[in-house]
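K.L.:
give the three-dimensional model of this entry:
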Amino acid sequence: MIADKHITVIIPALNESESIGRVIADIPDVVDHVIVVDNGSDDNTDMIARSFGATVVYEKNKGYGTACLAGIRSVGQTTDLIAFIDGDYSDYPEDLIDVVRPVADGRYRFAIGCRQNTASNYADLPHADLPWHQRWGNWLACCFIDLLYGYKFSDLGPMRCISLKLLTRLQMSDANYGWTIEMQLKASILGVSVLQVPVRYRRRIGKSKISGTVRGSIMAGYKIFYWIIRLFLHNHKGVHKAFNSRSM
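P.N.:
Okay, the predicted model is just below:
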């Protein structure tokens, strides 16, 4: 807890038995509740998560966004802030403190962790530990967002913290690869200042379900640009009006 704010971390996970324990163990003590959403694992991800003190929620319908939404539903209204982090140990869970604190103390309502390479021999290359196609796609998406919206993002990374009130207002819906960009764009359209916090990054444990496959990479790219175009076309129509119909 920070500034009397209850903090819940949601970790979507699919066959992350090699890494999930490390992720949970390294989450800062300021976090009140850790929820691991088992998205149809056929290993012992759930058992390991419980052994490290996490609550396990099951969501059989596959999809990153679907898992995140299941975690949110399980929280209800029992927390003030919700943070997200992947279960593959590519992010440094300890860095959550720098992402959570500005939201907990009221300076921001939404903060994202922007991944920075940590390999000394690539110190001058941001995201160098990301696969090349993921780095290129991330850069292209951020450039496209800047061109159409004027919002300057440097990453669409998974580590983030948002107030429950704002998250509810965003009416999140993406079931898979567009989850992170949907959240960032909807918040920006509402005029919410999004804090970008540099966080460390390393190669994940195991094989990525997104960037580790051709299909996953293609689908991720498609959904990212789908949300960029969709919200741009509706920005001055129903979407903005719908968002503003809900009080903060």
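K.L.:
list phi and psi for the residue nearest the centre of the chain.
P.N.:
The centroid of the chain falls nearest to Pro158 when counting by CA atoms, centre = their mean (3.0 Å). The phi/psi pair for Pro158 (degrees, to the nearest 10) reads phi -80, psi -30.
K.L.:
list the contacts for it?
P.N.:
Phe84, Ile85, Asp86, Asp91, Gly113, Thr180 (CB atoms under 8 Å, 6 or more residues apart in numbering). C-betas here are computed from N, CA, C, even on glycine.
K.L.:
okay, now the unreliable bits of the chain?
P.N.:
117-134, 206-217, 236-248 (pLDDT under 70).
K.L.:
so what's the residue count around Ala187?
P.N.:
22 (other CB atoms under 10 Å).
K.L.:
hang on, it is in a strand, isn't it?
P.N.:
No: judged by DSSP: H, G, I helix; E, B strand; the rest coil, Ala187 forms no part of a strand; its state is helix.
K.L.:
so what's it up against?
P.N.:
For Ala187, the contacting residues are Arg109, Phe110, Ile162, Leu166, Leu170, Val194, by CB under 8 Å, 6+ apart.
K.L.:
how far away is the second one from Ser41?
P.N.:
What it means is Phe110. 29 Å (CB to CB, to the nearest Å).
K.L.:
which one of these two has more residues nearby?
P.N.:
Counted by other CB under 10 Å, Phe110 and Ser41 do not tie: Phe110 has more neighbours, with 22 against 19.
K.L.:
apart from its chain neighbours, what residue comes closest to that one?
P.N.:
Ile162 (4.7 Å; CB to CB, 6 or more residues apart in numbering).
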